[in-house]
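Visitor: Any chance you could fold what I've pasted below:
(one chain, ligands or ions: 2)
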Amino acid sequence: KRRLFKTGPLFGKKAIVTSGPTHEPIDPVRYIANRSSGKQGHAIAAELAKLGCEVTLVSGPTRLEAPNGVKLVEIESARDMLVACQNALPADIAVCAAAVADWRVDNEAGQKLKKDGSGQIPELKLTENPDILATLSQAGDQRPKLVVGFAAETQNIREYASAKRIRKQCDWIVANDVSPSTGTFGGNENKVHVIARNQCEDWPTLSKKEVAKRLAAKIADYLKED
Ligand code: CTP
Ligand code: CA
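Guide: Ligands and ions are numbered 1, 2, ... in the order given. Purely as a prediction, here's the structure:
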C-alpha cells in the first residue's frame, strides 16, 4: 500500500494511537460502554500521519471515519484493544487517548439473558480490564520511545494527572478538565495541561484538532534528534 504522506519530520517513525470507547459484552446482544466520541484520538492519529508518521489507530466503535493515511484497526473490548496494540509493536510513539472501560463483566453469558418469569434479576460481576497505557509503558525492550497518556479529571487536575503519569510510567500525560462547567466533554474543544517529568504546560482552550496539531508538533520536536 502506498503511503499518503511521504515526507515530514516523523517520516520513518511508527505510532500507535488508541481512540474511542470500548464495548464490554454482557451477553451476545448487550454491552457496557461509555460516551467517548473518539474525536481527540482520531485527530491525533490524523495529525501524526500528516507529519509523515506511519500510524496504526486502534479504536473502539465511533461514528468517525478513518483519517486519511492512517491504518485503522477496529476493536470492541479492552482485551481486543490490548492485543491489537501489542500486534502493532514495535513502535516509536504510543498515544493512548481511548476511554478504556475500567471494568468488564466477569460472568459474560454465552446466550442472551432471558427473563425467566420468576422476576429473578441477573447480577453482573465485574472484573478489572488490562491497562493498555501501563502495559505499553512497561513493555521492556518493546517499549515505544515516547508514551503519552490522557487523564480526564474533574478536580485537582495537575496533581491527579501527575500521580497517574508516575503510576503508569508513561512519559507525558495530557490532562483535560472534564468538569461540567468547561462544557468540553464530547464537544469539539479541549482545555489541556501537558505534564512531563519535570514540566507542565497549560494550553488555552483549543479545538480538538488544534490540540492534536500542537501535540503532534511537540512529539516531532521531541523525537527530532534520533
Ligand atoms: N487507560 C488504558 N487502559 C485502561 C485504562 C486507562 O490504556 N484500562 C489509559 C487511557 O487511555 C488514558 C490513561 O490510561 O490514556 C488514563 O485513563 P484514566 O481513565 O484517566 O485513568 P485510570 O487509571 O483508569 O483511573 P481513573 O479512571 O480511576 O481516574
Ligand atoms: Ca479509567
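Visitor: which residues of the chain fall in strands?
Guide: Secondary structure of the chain (DSSP state E): strands at 14-19, 24-27, 30-32, 54-59, 70-74, 93-96, 103-105, 126-128, 146-153, 172-177, 189-190, 192-196, 199-202, 206-207.
Visitor: State the mean pLDDT of the first one.
Guide: Within the predicted structure, the mean pLDDT of strand 14-19 is 98.
Visitor: which other helices and strands contact it?
Guide: Secondary-structure packing of strand 14-19 (3 or more Cβ pairs under 8 Å, 6 or more residues apart in numbering; DSSP states H and E): helix 39-50, strand 54-59, helix 78-87, strand 93-96. The way it works is simple: take the backbone N, C-alpha and C, and place the C-beta from them, glycine included.
Visitor: ok, the nearest residue to Thr62 once chain neighbours are set aside - contacts?
Guide: In space, and not counting its chain neighbours, Thr62 is closest to Gly38: 3.5 Å by Cβ to Cβ, 6 or more residues apart in numbering. Gly38 makes contacts with Ser19, Gly20, Pro21, Ser59, Gly60, Thr62, Arg63, Leu64, as judged by Cβ atoms under 8 Å, 6 or more residues apart in numbering.
Visitor: end-to-end on stretch 11-26?
Guide: 42 Å (Cα to Cα, to the nearest Å).
Visitor: What helices and strands are in contact with the worst-scoring helix or strand of the chain on mean pLDDT?
Guide: When the helices and strands of the chain are scored by mean pLDDT, DSSP states H and E, strand 189-190 comes last with a mean of 90. Applying 3+ Cβ pairs under 8 Å, 6+ apart, we find strand 189-190 packed against strand 206-207, helix 208-223.
Visitor: and ligand 1, which of those is closest to it?
Guide: Of all those, it is helix 208-223 that lies closest to ligand 1, at 12.7 Å by Cβ to the nearest ligand atom.
Visitor: contacting residues around that closest one?
Guide: Contacts of helix 208-223 (Cβ under 8 Å, 6+ apart): 8-10, 13, 39-40, 43-44, 46-48, 50-51, 53, 92-93, 95, 145-146, 148, 174, 188-190, 192, 194, 203, 206.
Visitor: And these, which of them are buried?
Guide: Neighbour counting by 16 or more other Cβ atoms under 10 Å classes 8-10, 13, 39-40, 43-44, 46-48, 50-51, 53, 92-93, 95, 146, 148, 174, 190, 192, 194, 203, 206 among those as buried.
Visitor: Asn68 and Glu47 touch, don't they?
Guide: No: counting by Cβ atoms under 8 Å, Asn68 does not reach Glu47; the two are 11.0 Å apart.
Visitor: pLDDT wise, what is the residue nearest to Lys125 when sequence neighbours are not counted at?
Guide: Sequence neighbours aside, Asp106 is the residue nearest to Lys125 in space, at 4.4 Å (criterion: Cβ to Cβ, 6+ apart). Residue-level confidence at Asp106 comes out at 98, pLDDT.
Visitor: so who does Asp106 touch?
Guide: Asp106 touches Lys125, Leu126, Thr127, counting by Cβ under 8 Å, 6+ apart.
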